[in-house]
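> here are the coordinates; sequence isn't available:
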């Protein structure tokens, strides 16, 4: 029996070696699904602590309709550099409750290169993004039903006052 127990232990440890490691906590968001990404989308990874999603291509007049955080992937359908557009129906983080997501009711615009803060978004290969989808690497953040409604999610303690150079756009208007 002792020999069987050792053999069983060896088998268990060998099985453990073959098993993939437990996935790390998923924190990054993709603005589209794997299926939608296949529809000729261009991918950009956020390389700034925060990138605002605006309702138009204007730092001065754009209203903040969402945000992306460092490592999030924007799945663009239109480029008008330095601006990229994500379509209506894209998922973005809630502007004040960043651990929750919202579905855009209209197209959103992100600036890839800010005149003052430099590169905010970096192009990434479609193959790399497909691989991330296959690995189920993206977080499925809880939906925030109404942008103005109270939520169980703890709101971010700031209202864009924490934006640092390379983090925010001083002229963009908060909702």
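The structure has been received and is ready for your questions. Treat the numbers as computed from the prediction; the structure is a model and nothing was measured.
> low-confidence ranges, this protein, go.
Residue ranges of the chain with pLDDT under 70: 1-25, 146-175.
> swap the cut-off to 90 and go again
Within the chain, the set of residues satisfying pLDDT under 90 comprises 1-27, 38-40, 97-99, 116-117, 140, 145-175.
> show me where it has helices.
2-18, 34-37, 126-134 (DSSP state H).
> in stretch 63-73, what's buried?
By 16 or more other CB atoms under 10 Å, the buried positions in stretch 63-73 come out as 64, 65, 66, 67, 68, 69, 72, 73. Just so you know, the C-beta spots here come from the backbone N, C-alpha and C atoms, and that holds for glycine as well.
> now do stretch 83-91
Residues 83, 84, 85, 86, 87, 90, 91 are the ones in stretch 83-91 that count as buried (16+ other CB under 10 Å).
> out of those, which one sits closest to residue 127?
Distance to residue 127 across those (CB to CB) is lowest for residue 84, with 19.2 Å.
> I figured that closest one hits residue 42, correct?
Yes. Contact criterion CB atoms under 8 Å: residue 84 and residue 42 qualify, at 7.4 Å.
> which neighbours do the two have in common?
Overlap of the contact sets of residue 84 and residue 42 (by CB atoms under 8 Å, 6 or more residues apart in numbering) consists of residue 76.
> out of the buried residues of stretch 63-73, which are inside strands?
Those of the buried residues of stretch 63-73 mapping onto strands are 64, 65, 66, 67, 68, 69, 73, per DSSP state E.
> in TSV: these, plus distance to residue 50.
TSV is the format used below for these (distance: CB to CB, whole Å):
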residue	distance to residue 50
64	11
65	14
66	11
67	6
68	7
69	6
73	15
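> neighbours of residue 30, just the number please.
24 (other CB atoms under 10 Å).
> show me what it is bridged to.
Listed by DSSP bridges, the beta-bridge partners for residue 30 are residue 73.
> that one touches residue 75, doesn't it?
Yes. Counting by CB under 8 Å, residue 75 is a contact partner of residue 30 at 6.3 Å.
> which residues are in contact with both of these two?
Taking CB under 8 Å, 6+ apart as the criterion, residue 30 and residue 75 both touch 37, 129.
> contact partners for the closest residue in space to residue 37 that isn't next to it in sequence?
With sequence-adjacent residues excluded and distances taken as CB to CB, 6 or more residues apart in numbering, residue 37 is closest to residue 75, at 5.5 Å. Counting by CB under 8 Å, 6+ apart, residue 75 makes contact with 30, 31, 32, 36, 37, 41, 42, 43, 86, 90, 129.
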